[in-house]
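**Student:** structure of the sequence below:
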Amino acid sequence: MNSNKLILASVLTAAAVLAGCGGSGGDIRDLRNYIEETKRRPGEQIEPLPVFRPLPPFSYAAMTLRSPFEKPVEELARVKGGKSVKPDLTRAKEYLESFSIANMTMVGSVSKDGTLWALIDTGPGAQRSVEPVTVGNYMGRNHGKILTATPNQLELMEIVSDGDDGWVERPRIIKLEEKE
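**Tutor:** Coordinates of the predicted model:
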């Protein structure tokens, strides 16, 4: 009997809620009058779009200069009279030379047929990948050539502008980045 009373109470409550929601249509004449008045108003003229003048193209010409986020070449490296250094600009660029060396990390190494290959993560960005490199490969935007490779680090020599229309060598070490 209790379940019948509960069902009856639920049905009566639902009926009362529906009746209170204005099932008879309610009085919405003022809303309908406002809509009709808005439709009768004349349309206004839309302002024309502003004329946009095209901007002159900008050509970025500082691609070959030293990045302001890297340490400058030490004054000791500018001593004249040493060996003449300049990059081989006729050499075909390798894939890793299109990435900043500051963003690259060594994430592992593999040995195949007696050759040690370091695995380099190219860093953040849409083209992020892990690439194998070995002694003699180039990487980074400053003509960095890999001189030695061990399972824990790479030693390379970059050729950077000395700011005086010349070039100097800058050693760089990339160590294996171990994650815990």
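
**Student:** poorly predicted segments of the chain, please.
**Tutor:** Where the chain drops to pLDDT under 70, the residues are 1, 19-26, 63-64, 71-83, 126, 180.

**Student:** ok, now how distant is the residue nearest to the spatial centre of it from I146?
**Tutor:** The geometric centre of the chain, computed from its C-alpha atoms, lies nearest to G125 (CA atoms, centre = their mean), at 3.8 Å. Shown here: G125 relative to I146, a distance of 22 Å by CB to CB, to the nearest Å. All C-beta spots, glycine's among them, are computed from the backbone N, C-alpha and C.

**Student:** swap in S161?
**Tutor:** Distance of S161 to I146, given as CB to CB: 21 Å.

**Student:** the two - which one has more neighbours?
**Tutor:** Relative neighbour count places I146 above the other of S161 and I146, with 21 against 15, counting by other CB atoms under 10 Å.

**Student:** would you confirm that that one contacts M139?
**Tutor:** Yes: at 6.9 Å, I146 counts as touching M139 under the criterion of CB atoms under 8 Å.

**Student:** intersection of neighbour lists for these two?
**Tutor:** Both I146 and M139 are in contact with V133, L156, where contact means CB atoms under 8 Å, 6 or more residues apart in numbering.

**Student:** before we move on, back to that, list the residues that contact the residue nearest to the centre of the chain.
**Tutor:** Taking CB under 8 Å, 6+ apart as the test, what G125 contacts is N103.

**Student:** secondary structure class for it?
**Tutor:** Secondary structure assignment for G125 (DSSP: H, G, I helix; E, B strand; the rest coil): coil.

**Student:** now L8
**Tutor:** Applying three-state DSSP: L8 is helix.
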